[in-house]
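S.K.: Output the structure for:
(4 chains)
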There are 4 protein chains.
Amino acid sequence: MSKTSDNILKQLKVRRQKQKAILGMRWKCAQGGLEFEQLDTFYRAIRPYLCVAQFFGIMPLSNILSRDPQDVKFKVRSIGLVVTGVFLLLGGIKTLIGANVLFKAGLNAKNMVGLVFLIVGIVNWLNFVGFARSWSHIMLPWSSLDILMLFPPYKRCKRSLRWKINVVVLIVGFLAVGDHMLYYASGYCSYSMHIAQCHTNQSRITFDFYLEKEFSDIMFLLPYNIFSVCYGFWLNGAFTFLWNFMDIFIVITSIGLAQRFQQFADRVGALEGRHVPDALWYDIRRDHIRLCELTSLVDASMSNIVFVSCANNVYVICNQALAIFTKLRSPINYVYFWYSLIFLLARTSLVFMTASKIHDASLLPLRSLYLVPSGHWTQEVQRFADQLTSEFVGLSGYRLYYLTRKSLFGMLATLVTYELMLLQMDAKSHKGLRCV
Amino acid sequence: MSKTSDNILKQLKVRRQKQKAILGMRWKCAQGGLEFEQLDTFYRAIRPYLCVAQFFGIMPLSNILSRDPQDVKFKVRSIGLVVTGVFLLLGGIKTLIGANVLFKAGLNAKNMVGLVFLIVGIVNWLNFVGFARSWSHIMLPWSSLDILMLFPPYKRCKRSLRWKINVVVLIVGFLAVGDHMLYYASGYCSYSMHIAQCHTNQSRITFDFYLEKEFSDIMFLLPYNIFSVCYGFWLNGAFTFLWNFMDIFIVITSIGLAQRFQQFADRVGALEGRHVPDALWYDIRRDHIRLCELTSLVDASMSNIVFVSCANNVYVICNQALAIFTKLRSPINYVYFWYSLIFLLARTSLVFMTASKIHDASLLPLRSLYLVPSGHWTQEVQRFADQLTSEFVGLSGYRLYYLTRKSLFGMLATLVTYELMLLQMDAKSHKGLRCV
Amino acid sequence: MSKTSDNILKQLKVRRQKQKAILGMRWKCAQGGLEFEQLDTFYRAIRPYLCVAQFFGIMPLSNILSRDPQDVKFKVRSIGLVVTGVFLLLGGIKTLIGANVLFKAGLNAKNMVGLVFLIVGIVNWLNFVGFARSWSHIMLPWSSLDILMLFPPYKRCKRSLRWKINVVVLIVGFLAVGDHMLYYASGYCSYSMHIAQCHTNQSRITFDFYLEKEFSDIMFLLPYNIFSVCYGFWLNGAFTFLWNFMDIFIVITSIGLAQRFQQFADRVGALEGRHVPDALWYDIRRDHIRLCELTSLVDASMSNIVFVSCANNVYVICNQALAIFTKLRSPINYVYFWYSLIFLLARTSLVFMTASKIHDASLLPLRSLYLVPSGHWTQEVQRFADQLTSEFVGLSGYRLYYLTRKSLFGMLATLVTYELMLLQMDAKSHKGLRCV
Amino acid sequence: MSKTSDNILKQLKVRRQKQKAILGMRWKCAQGGLEFEQLDTFYRAIRPYLCVAQFFGIMPLSNILSRDPQDVKFKVRSIGLVVTGVFLLLGGIKTLIGANVLFKAGLNAKNMVGLVFLIVGIVNWLNFVGFARSWSHIMLPWSSLDILMLFPPYKRCKRSLRWKINVVVLIVGFLAVGDHMLYYASGYCSYSMHIAQCHTNQSRITFDFYLEKEFSDIMFLLPYNIFSVCYGFWLNGAFTFLWNFMDIFIVITSIGLAQRFQQFADRVGALEGRHVPDALWYDIRRDHIRLCELTSLVDASMSNIVFVSCANNVYVICNQALAIFTKLRSPINYVYFWYSLIFLLARTSLVFMTASKIHDASLLPLRSLYLVPSGHWTQEVQRFADQLTSEFVGLSGYRLYYLTRKSLFGMLATLVTYELMLLQMDAKSHKGLRCV
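M.R.: Sure, this is the predicted structure:
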């Protein structure tokens, strides 16, 4: 890349080595009283979900069970990468078969959705492999910052990071499982009514026949039996898991970063009425720079995941919105349609809202600075205030857009405009009917 | 919520207790000369409208008749909350019946409007209950600020707050009553012409039959008689009142806040040519921080009301705009259509314009600071100037968007673009006719 | 209005009286050498066009022939206002007849254009009456600033203000006359081909019959003869003149303001390498404040004109764009269509580009400040730099939007998006034809 | 133009003369050790491509083979301008014939594309002549800056400018040649299938007949033979070359400027921990001003090229997007369609991304300034920091929009919205089919 960023990377390397030393030292110091793995670090909070992700070949890291973030690294020769490879292969075959069927039948806006879902899945597996490669470069400074901020002068938050992340993930996960099950229920219902209306052969209305149609891309290569059905469920599940994991991962990371900015703001807030020497302001400013550097490091590594996540969510929402006035066949179809639309909207909003908290929290110390008494306002404080306002801190999609409340509003506004157009077209087609 | 805001809330509590003391003291001091209730506080200005709102179960507060803001509190066991509960119950039943009819007939863009109107009403009742809960937390610092700013060094405004609010509310209220009456007139007219055209039984064209159709959701449960008709009018009226009150409430609050920022700007302006010691600048800056804190407290509590208000207004305007080229049956339909469209646009613009005045007024002192002579420009003045420009002061809808002139323009531009599309479609359908 | 602005207005009054004195003094001083009317003031440059405008009842001012801006005032009892009243009356009658015809035939997107044109005309006459009322409040500080900036230390520009304004007005005026004449030519052409195709009575294809149709709203009240035709031409011409004058007036005002900011930037630029005492910086800063105050005074008075101008231009352009793929009857129709579309686009762009020059010119001194040597950088220079960047200087439409290049781009982008939609619809309707 | 810019231009002239002297001196100094033409200047990197461009009459400069940028000037009497004239003449004839055919057949959205392509070509030739006129005014300060920044204290980049530019140009050029060849292949394929379906005379399916149709505008004037075919290929090729060159030229210029800003940031970064005297900060700030002045000089000269490039790219992409759901005749049509669409998108993104790097690189020193120790933070550093953030540095299209990531996102978002509308219309037309 560019010289300057190279330069910065070099310096980061030097700094990282120092941090390693600090990490080791602090750890040993903590040996006596507090175990390292009992600290409320981001690594401890995210590890269980990373372990689950391994089963679906997402983010292949070796030594993921270790409690020491220094052990967890991306290795080319590892079981994780093999699992990912298998998923990429099987997913790739599924995608190719699907694409083949589609191109033969003629691609159109409606049948494209399924194919896009599969391609997004494949791209995401690759994106997460990319993220895994930079994992150790991110986790090391992050863990050292975590350790730094779990001891005074920083105060712990009332709710631990682990608790927050667990609550969010469990709720989203529970809703996602519901969504996935409703998908099959709605699909079977549609299938059976379709057969009942269009075919004379009513004996085909069984769950088996439905599955044969649902997994037709797999039955293309394998015979129909219990194993191939299970395989179908499993592969479909993996794609769906990945699709949800993408968003959840952004949410988790955002919570982790926002928490640290909150703690930082609390520390500055605690100094509100007191006399603060310049040296302390300098230390605080250094910590702020470290936090910002960590955020921009994470942002640079996650940009592709954020970009694909947002693009995909907007696409699927718009696609769903298309069908909003379509008459569906049965109540279960309605339930699935509205459930999945609202779930999607809520998940997308959650991603934006949690990510925007990083930026909001990073601006909180500004208020405290207003209250610094006249006599104690020095150049160092001025520089700190300038620093707080001069740069955007947060996640972005290749810096094309930032995850803020304003972006969310822009997205929603576009969506509403789009929906209004549909509304109008729908109204047009209901115009003629007056005396009914 | 977050740690820092908790922290701030705690500090606010401490400060509020101090303010309580000041409030009491000032009050006693004022006993001799000026009665407290004769002061031009925001509480005195809004109280009459809160009393009216109680009749419709909006913002249930106990002791609303008291002239002391300290007595007015939200209580779970109060008559106000019972009234609100009754409205929520009756409104809920009305909504459910309406929804049931709609889902049976098939939901489409056109018949959805009525249902949305009812749902927005229910949501608003709940929103106002939420606002009532934080009422005393807002009114106490506000009243103490009001008292502070009604004595020197602050000057009173030429027009009292009470006068301004009364004028605006009376005008909007008068227009709203006209809108509501035109609604029935237009509805009856449409009904009678519909019957005359489509049915042979001309005897059904009476106002009674019209009401039976208009209140069909109520007649579903009750027999048709004078009481059920009155009940129908009353419930419809309550929903319409709430719908208008939502916007008026934002307008009143905005006027109240903007007035204080104006007074603040006047005070700074009065110092223009003079030598001002740093201590005075510090006091002024403190007052500004208090004003900004009050505004963000109000903003946080009102966000949901602002959000629902704007979303609803935009939806109804777009929906009306849909019908702009529809041929209507009679002149009274035209009158109602254009009256309600223009009333709606004016009301929405009023909300944005008055709310944007808060921000505009908060920037006014900047001009005065430019004129501070060279010798008297100190760090304290510099900090004040920085403070004025660094943050947005005003109301917002969950900080997704801010109530500013720019937002209003964006909304209008989107609306115009939307209308242009309709215009074009209309033009397309008039293309064939050339030789007529 | 608000207290602060009242306060400011009072101070402006005091200052204006002082300026009057200065104006008088300078004038007497100048008596010896240079006549006042020979100075290149904005008033001298705009006066000829104001005189022409009087003939169409636009901006009724008394003593418009006087060369002293102090004499020119808005008077209720004046010939100008009578002329305006006559135009409003006659224009109002024309509008009412037009509206009546339209509402009978049914309002649609296509026939609405003519009515909008008339209504915009009426609104503009009223707007200019409003501007005339604040004329003397604007011209007095402006003239005194002009005199100030026509003597050293300010340097004159190479091209005089008068020359610039004359060139722009003559070019636009010439093109506008061409547009107006093409309108009649194209209208007659359409009329004759329409008659030839749809009617058997070919004898009706004369210019007289065309005029009878064109001025049908006038012939509704008056008999058809040479006087009523002349009256028709004259009233139509007045509306068209007003329509162009609106834009030209904004352009002239913008050039006048931009020139002064340019001179100001030149003065600051001339100090680039030198040692500048703080007192001089303070004087420069004062002049800048005066320039900004003048601009915001003009902006406040012109907002309604700017708003109507932009709204109308966008509406007409979009309306023209609608017909871009319509097959027209004859070459002269094509020529008129494209001529008027391009003329309109060019005129609108001219308004935005000249108005944006005010803001661009107001930022020019910033570059010079970068080059102030380290030793001479004082607080006064810092304040000047802050002042330059802190506020927007320029014209706006009620501050809903500002006349900048960015706004122009936004408008053009919306227009292009709109046109793309038409393009797509056009493409759809040409789809079927493959083997031709 | 304006006085101030004239003034600035005069000063630039004086400075340019000084720079000339420095350039000469440095050159002589370098004679001993390093040859001038071995330095990694922008001129050396772009020269080969300028030479190639001469063959197509683009940017006519005399002495283009000289290795000294001082020798390369725009001359009215030169071979380059004659070549350009020939291209303008032949291209103009082609365009006129094309326009004539189109206007006879009736202009519509679909057949307009070819005409727009030709007109954009003509406009570009003229734009590049305009740029050639200001070439020597740009290259002289640029070369002197290049020389300045190729010696210490500036460090060289790892990758030379020449290497970077060569790699980008070769890749884009290779893809462009592929695109051009696919155009003919796809065109021939379409032609043969069209004839096979609609005509009985199957003997017409030869490449000769295809070329006769493809170059019908040339065959209008010339007989069909090998020379006229070659002429057709050559003229078509020239237009296509120009079309690609426009974008590539912006990319090359952006890389050249971004590299210098990177080096500048590196230099500031190298000072991070050290004590830096004010005089050095002043020197650095001077260099930054020179870099910014160069950028705005280039921006002013290239605005028309940037504007036409973006407008054209957006138009062609939207036009292609129109056909995204059209059923095409053969696989080669599909390949060409998707290849050219993706190539176009990639090229447009490349333009925006490389151009946005200028701005990004210009902000890099800010980070280093945060790390300046408290004791060494002087007014000079403060001014430098203010300077870095106060102005936009980069390329723009007449300052209507800037080439940034945000603009690219806006463009993409508009495109996606547009595509979504198509998607919806497509979905509507596939609605009826359920039992298939």
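S.K.: Output stretch A:370-385 as CSV, nothing but the C-alphas.
M.R.: Written as CSV, here are the backbone C-alpha positions of stretch A:370-385 (Å, rounded to 0.1, in the frame of the first residue of the first chain):
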residue,chain,number,x,y,z
TYR,A,370,-16.6,22.4,28.8
LEU,A,371,-16.7,22.3,32.5
VAL,A,372,-12.9,22.6,33.0
PRO,A,373,-12.4,25.7,35.1
SER,A,374,-10.9,28.8,33.4
GLY,A,375,-7.6,28.6,35.3
HIS,A,376,-6.9,25.0,34.3
TRP,A,377,-7.6,25.3,30.6
THR,A,378,-4.2,24.7,29.0
GLN,A,379,-3.0,24.1,25.5
GLU,A,380,-3.0,20.4,26.2
VAL,A,381,-6.8,20.5,27.0
GLN,A,382,-7.3,22.5,23.8
ARG,A,383,-5.5,19.9,21.8
PHE,A,384,-7.5,17.2,23.3
ALA,A,385,-10.8,19.0,22.4
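S.K.: How far off centre is it?
M.R.: 38 Å (C-alpha atoms, centre = their mean, to the nearest Å).
S.K.: now stretch A:334-354
M.R.: That offset, for stretch A:334-354, works out to 14 Å (C-alpha atoms, centre = their mean).
S.K.: same thing with stretch A:167-179?
M.R.: Going by C-alpha atoms, centre = their mean, the spacing between the C-alpha centre of stretch A:167-179 and its chain's C-alpha centre is 13 Å.
S.K.: touching chain B at all, it?
M.R.: No - for a cut-off given as C-beta under 8 Å from any C-beta of the partner chain, stretch A:167-179 has no contacts with chain B; the smallest distance is 14.4 Å. The C-beta positions use only the backbone N, C-alpha and C, and glycine is treated the same way.
S.K.: That stretch: which residues count as buried?
M.R.: Neighbour-count burial for stretch A:167-179, counted by 16 or more other C-beta atoms under 10 Å in any protein chain shown, picks out A:168-169, A:172-173, A:175-176, A:179.
S.K.: Sort out for me which of the residues you listed are in helices.
M.R.: Applying DSSP state H to the buried residues of stretch A:167-179, the entries found in helices are A:168-169, A:172-173, A:175-176, A:179.
S.K.: so who does A:G57 touch?
M.R.: A:80, A:83-88, A:125, A:238 (C-beta atoms under 8 Å, 6 or more residues apart in numbering or on different chains).
S.K.: Likewise for A:I332?
M.R.: A:I332 neighbours (C-beta under 8 Å, 6+ apart): A:182, A:185-186, A:189.
S.K.: Drop anything exposed from these.
M.R.: Buried among the contacts of A:I332 by 16+ other C-beta under 10 Å: A:182, A:186, A:189.
S.K.: Give me the contacts around the host helix or strand of A:Y43.
M.R.: Assigned by DSSP states H and E, A:Y43 belongs to helix A:42-54. For helix A:42-54, the external contacting residues (C-beta under 8 Å, 6+ apart) are A:37, A:59-61, A:64-65, A:67, A:69, A:80, A:83, A:128, A:139, A:142-143, A:146, A:161-162, A:165-166, A:169, A:245, A:248-249, A:252, A:256.
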